[in-house]
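K.L.:
here is a sequence together with a model predicted from it:
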Amino acid sequence: MKQSLRTRLVFISAGMIFLSIIICWIMNLFLLPGYYEASKKKQMNHVYDEVAELFEKNDWNSISNEEKNRVYDAVDKISANSGLSLYVMEIKIDVGNGMISEVSYLYPGMSSRMQELNRVQLSKYVMFKQLGNVFDDNYQLLKRTDCYELFKVYDARMDSNYFELVGGVGNEYWIYLRSNYQSIRESAAISNEFLTYAGMVVIVLCVVIMIFISKQYTKPILELAKLAKKMEELNFDVRYEENRKDEIGVLGHSMNSLSDKLEETISELKTANNELELDIQRKSEQEEMRREFLANVSHELKTPIALIQGYAEGLQENVNDDPESRDFYCEVIVDEADKMNKMVKRLLSLNQLEFGNGQVQMEHFDVQQVVRSVISASDILFKQKEIRLSFTEGNPVYVWADEYMTEEVVMNYVSNAVNHIGGDRIIEIKIKSVEGKARVSVFNTGDKIPENELDKIWNKFYKVDKARTREYGGNGIGLSIVKAIMDAHNQSYGVKNYENGVEFWFELDEKTEN
């Protein structure tokens with residue numbers, strides 16, 4: 001069965017108090033008599049010294065009644081404060097037999113019966129002092145000095161034990177002290193009985209108090225347990241808010257630190273895991289791209305190779321002997337070989353860009369001049385396809401980029417626009433500034449690109465209209481080169497559909513000429 005810390009604290013406290021009471025009870029039972037005896041000896045010795053001093057300083061037979069009353073008052077006070085039976089006597093001893101012949105009670109006055117009892121007792125002590133051991137087993141000598149003797153006496157008549165001290169003061173006065181020893185056992189019994197009842201009350205009070213006190217300690221521990229439970233559920237927003245200076249406060253702040261560390265560690269693990277998943281995904285995509293690349297390259301090369309092989313075999317077998325046919329065969333072979341050569345070169349260029357081997361040479365140049373150069377080179381195509389070009393020249397627009405690569409991007413955009421022209425057969429080229437960037441856009445009228453294919457057109461060998469691409473000899477590499485060049489420059493690029501056509505654009509860092 002589960003036992004809470006609060007219950008344990010209550011039981012432990014009650015047990016400690018109960019054990020303390022038992023120890024006190026045992027000490028009272030076994031040690032209190034010895035301690036009482038030692039204390040009583042010391043007390044009787046002290047009382048004897050005080051009384052002896054009073055009578056040594058005063059000659060009882062010659063002092064005045066006023067002085068005697070003063071001595072009586074002092075002895076009364078000593079007797080009352082000590083709780084002892086105190087007697088002071090003047091005795092005369094018969095020289096012949098050594099017995100007491102006359103006893104005069106100086107303090108206090110008493111009945112003749114008490115005088116006789118004390119006289120007999122004193123006689124025994126006088127004989128003991130003169131003759132040695134003359135007592136029976138009821139007498140036990142506890143202490144002996146030059147001035148007094150201390151006995152422990154069993155009084156058969158009273159069936160009780162007493163401490164008795166008898167000592168002389170000079171040669172005439174005797175001091176007789178008596179204390180009941182039997183009462184100590186009764187006191188111990190009463191003390192133990194009281195201790196038992198008091199202990200029961202204290203234990204009950206202690207349990208009640210500990211129930212409330214333990215709550216003050218178990219409550220924050222339970223709160224810390226709740227925090228730990230929430231941390232177990234990966235909720236690291238919880239915090240221990242109390243500003244305690246004790247061990248619980250230290251534990252609470254340590255849990256806050258642990259929560260922060262765990263959150264940081266788990267965040268790092270998630271980041272690392274995410275990066276790992278991305279790496280796996282990239283590797284998977286790269287593997288897929290590799291297979292697709294090989295398939296596309298094989299497909300793109302298959303047709304020109306087949307054509308070259310077919311026409312070369314025709315020439316070899318002299319299928320047509322006339323010069324015109326041979327010239328046609330040779331033109332086809334040269335044209336297909338040229339297409340293959342261009343495609344391989346573009347693939348090599350794309351490969352260098354994608355793997356970081358194509359170093360970008362940052363230059364400061366007028367991008368408008370680059371566009372004008374591409375337009376000039378493509379002018380014959382515009383005329384052949386009856387394309388109307390719209391390009392308004394303005395002030396020079398200087399940018400920071402690789403001029404050769406920038407020209408390659410413009411050339412691919414213009415070539416793509418020419419090959420997909422339609423509708424009003426218009427190509428519009430614009431250069432404008434957008435937040436510190438020079439944006440170059442190439443728009444052509446014609447069919448829009450399907451929205452679900454806008455992100456795919458930048459992939460190698462991807463063709464929206466495969467039949468049309470085959471018609472003009474495209475291989476789906478141009479836009480992949482654009483993507484690689486702009487990624488190498490860390491610049492933006494994109495495509496946007498309009499109702500009457502498509503616009504391709506890219507941006508470069510603009511630098512205003514001083």
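P.N.:
Received, thanks.
K.L.:
residue 448 is in contact with residue 498, correct?
P.N.:
Yes. In terms of Cβ atoms under 8 Å, residue 498 counts as a neighbour of residue 448; the distance is 7.4 Å. Where you see a C-beta, it was placed from the backbone N, CA and C, and this is true even at glycine.
K.L.:
who's more crowded, these two?
P.N.:
The neighbour comparison of residue 498 against residue 448 (other Cβ atoms under 10 Å) goes to residue 448, with 14 against 10.
K.L.:
now do the phi/psi pair for the more buried one.
P.N.:
Backbone torsions for residue 448, taken as degrees, to the nearest 10, come to phi -80, psi 160.
K.L.:
doesn't residue 395 fall inside a helix?
P.N.:
No. Checked against DSSP: H, G, I helix; E, B strand; the rest coil, residue 395 lies outside a helix; its state is coil.
K.L.:
what's the local residue count around it?
P.N.:
For residue 395, the neighbour count with other Cβ under 10 Å is 9.
K.L.:
check residue 54 too.
P.N.:
Residues lying near residue 54 (other Cβ under 10 Å) number 18.
K.L.:
run through the residues that contact it.
P.N.:
By Cβ atoms under 8 Å, 6 or more residues apart in numbering, the contact set of residue 54 is 71, 74-75.
K.L.:
just curious, which of those residues is nearest to residue 372?
P.N.:
Nearest to residue 372 out of the contacts of residue 54 is residue 74 (Cβ to Cβ; 137.6 Å).
K.L.:
what ranges do the strands span in the stretch 151-300 of the chain?
P.N.:
160-169, 173-180 (DSSP state E, counting those that start in this stretch).
K.L.:
please enumerate the helices of the stretch 401-514 of the chain.
P.N.:
For the stretch 401-514 of the chain, the helices defined by DSSP state H, counting those that start in this stretch cover 403-419, 466-472, 478-489.
K.L.:
can you put the ones you listed in JSON lines and add mean pLDDT, distance to residue 28 and mean neighbour count?
P.N.:
JSON lines is the format used below for the helices of the stretch 401-514 of the chain (pLDDT from 0 to 100; distance: least, Cβ to Cβ, whole Å; neighbours: other Cβ atoms under 10 Å):
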{"stretch": "helix 403-419", "mean pLDDT": "88", "distance to residue 28": "105", "mean neighbour count": "21"}
{"stretch": "helix 466-472", "mean pLDDT": "47", "distance to residue 28": "111", "mean neighbour count": "12"}
{"stretch": "helix 478-489", "mean pLDDT": "84", "distance to residue 28": "95", "mean neighbour count": "21"}
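K.L.:
put together JSON lines for those, with distance to residue 38 on each row.
P.N.:
Shown next, in JSON lines, are the helices of the stretch 401-514 of the chain (distance: least, Cβ to Cβ, whole Å):
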{"stretch": "helix 403-419", "distance to residue 38": "112"}
{"stretch": "helix 466-472", "distance to residue 38": "120"}
{"stretch": "helix 478-489", "distance to residue 38": "103"}
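K.L.:
to residue 40, which of these lies closest?
P.N.:
With Cβ to Cβ as the criterion, residue 40 lies closest to helix 478-489 of those, at 107.7 Å.
K.L.:
closest to residue 162 out of the helices of the stretch 401-514 of the chain?
P.N.:
Closest approach to residue 162 among the helices of the stretch 401-514 of the chain (Cβ to Cβ): helix 478-489, 116.4 Å.
K.L.:
next, the distance between the ends of stretch 395-410.
P.N.:
End-to-end distance for stretch 395-410, by Cα to Cα, to the nearest Å: 19 Å.
K.L.:
please disregard the earlier target; I meant stretch 383-396.
P.N.:
End-to-end span of stretch 383-396 (Cα to Cα): 27 Å.
K.L.:
quick one: distance of that stretch to the chain centre.
P.N.:
69 Å (Cα atoms, centre = their mean, to the nearest Å).
K.L.:
mind listing what's buried in it?
P.N.:
Buried residues in stretch 383-396, counted by 16 or more other Cβ atoms under 10 Å: residue 387.
K.L.:
which other residues reach that stretch?
P.N.:
Against stretch 383-396 from outside (Cβ under 8 Å, 6+ apart): 366, 368-369, 371-372, 375, 381-382, 418, 421, 424-431, 513.
K.L.:
with distance to residue 438, mean pLDDT and mean neighbour count as added columns, please give the strands of the stretch 151-300 of the chain in CSV.
P.N.:
CSV is the format used below for the strands of the stretch 151-300 of the chain (distance: least, Cβ to Cβ, whole Å; pLDDT from 0 to 100; neighbours: other Cβ atoms under 10 Å):
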stretch, distance to residue 438, mean pLDDT, mean neighbour count
strand 160-169, 121, 83, 20
strand 173-180, 120, 82, 21
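K.L.:
mind putting those strands into a markdown table with distance to residue 502?
P.N.:
Formatted as a markdown table, the strands of the stretch 151-300 of the chain follow (distance: least, Cβ to Cβ, whole Å):
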| stretch | distance to residue 502 |
| --- | --- |
| strand 160-169 | 127 |
| strand 173-180 | 126 |
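K.L.:
state the distance from residue 492 to residue 450.
P.N.:
Per Cβ to Cβ, to the nearest Å, residue 492 is found 22 Å from residue 450.
K.L.:
repeat that for residue 458.
P.N.:
The gap separating residue 458 from residue 450 is 15 Å, by Cβ to Cβ.
K.L.:
next one: residue 201
P.N.:
The spacing between residue 201 and residue 450, counted by Cβ to Cβ, is 93 Å.
K.L.:
got it, and residue 87?
P.N.:
Counting by Cβ to Cβ - residue 87 and residue 450 are separated by 134 Å.
K.L.:
which of these two has more neighbours?
P.N.:
Taking neighbours as other Cβ under 10 Å, residue 87 and residue 450 compare with residue 87 leading, 24 against 11.
K.L.:
right, and the more buried one touches residue 173 too?
P.N.:
No. Counting by Cβ under 8 Å, residue 87 does not reach residue 173; the two are 10.8 Å apart.
K.L.:
my guess is residue 141 contacts residue 163, does it?
P.N.:
No. Counting by Cβ under 8 Å, residue 141 stays clear of residue 163, with 11.7 Å between them.
K.L.:
find the residues that touch each one of those two.
P.N.:
With contacts defined as Cβ under 8 Å, 6+ apart, the residues shared by residue 141 and residue 163 are 150-151.
K.L.:
for this structure, longest helix please?
P.N.:
Looking across the chain with DSSP state H, the single longest helix is helix 247-316.
K.L.:
tell me the helices and strands packed up against that helix.
P.N.:
When contacts are defined as 3 or more Cβ pairs under 8 Å, 6 or more residues apart in numbering; DSSP states H and E, helix 247-316 sits against helix 183-232, helix 323-354.
K.L.:
from the chain's centre, how far out does that helix sit?
P.N.:
Using Cα atoms, centre = their mean, the offset of helix 247-316 from its chain centre is 37 Å.
K.L.:
also stretch 387-407?
P.N.:
Once both centres are worked out by Cα atoms, centre = their mean, stretch 387-407 turns out to sit 61 Å from its chain's centre.
K.L.:
end to end, how far does it reach?
P.N.:
One end of stretch 387-407 sits 21 Å from the other (Cα to Cα).
K.L.:
could you dump whatever helix or strand residue 68 lives in to PDB, C-alpha only?
P.N.:
Per DSSP states H and E: residue 68 is located in helix 65-82. The C-alpha trace of helix 65-82 is given here as PDB (Å, rounded to 0.1, in the frame of the first residue of the first chain):
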ATOM      1  CA  ASN A  65      16.400  36.200  74.400                       C
ATOM      2  CA  GLU A  66      16.300  38.700  71.500                       C
ATOM      3  CA  GLU A  67      19.400  37.000  69.900                       C
ATOM      4  CA  LYS A  68      17.900  33.600  70.600                       C
ATOM      5  CA  ASN A  69      14.700  34.600  68.700                       C
ATOM      6  CA  ARG A  70      16.900  35.800  65.900                       C
ATOM      7  CA  VAL A  71      18.600  32.400  65.700                       C
ATOM      8  CA  TYR A  72      15.200  30.600  65.900                       C
ATOM      9  CA  ASP A  73      13.900  32.700  63.000                       C
ATOM     10  CA  ALA A  74      17.000  31.800  60.900                       C
ATOM     11  CA  VAL A  75      16.600  28.100  61.800                       C
ATOM     12  CA  ASP A  76      12.900  28.200  61.000                       C
ATOM     13  CA  LYS A  77      13.600  29.600  57.600                       C
ATOM     14  CA  ILE A  78      16.200  26.900  56.900                       C
ATOM     15  CA  SER A  79      13.900  24.100  58.000                       C
ATOM     16  CA  ALA A  80      10.900  25.400  56.000                       C
ATOM     17  CA  ASN A  81      12.900  25.900  52.800                       C
ATOM     18  CA  SER A  82      14.700  22.500  53.000                       C
END
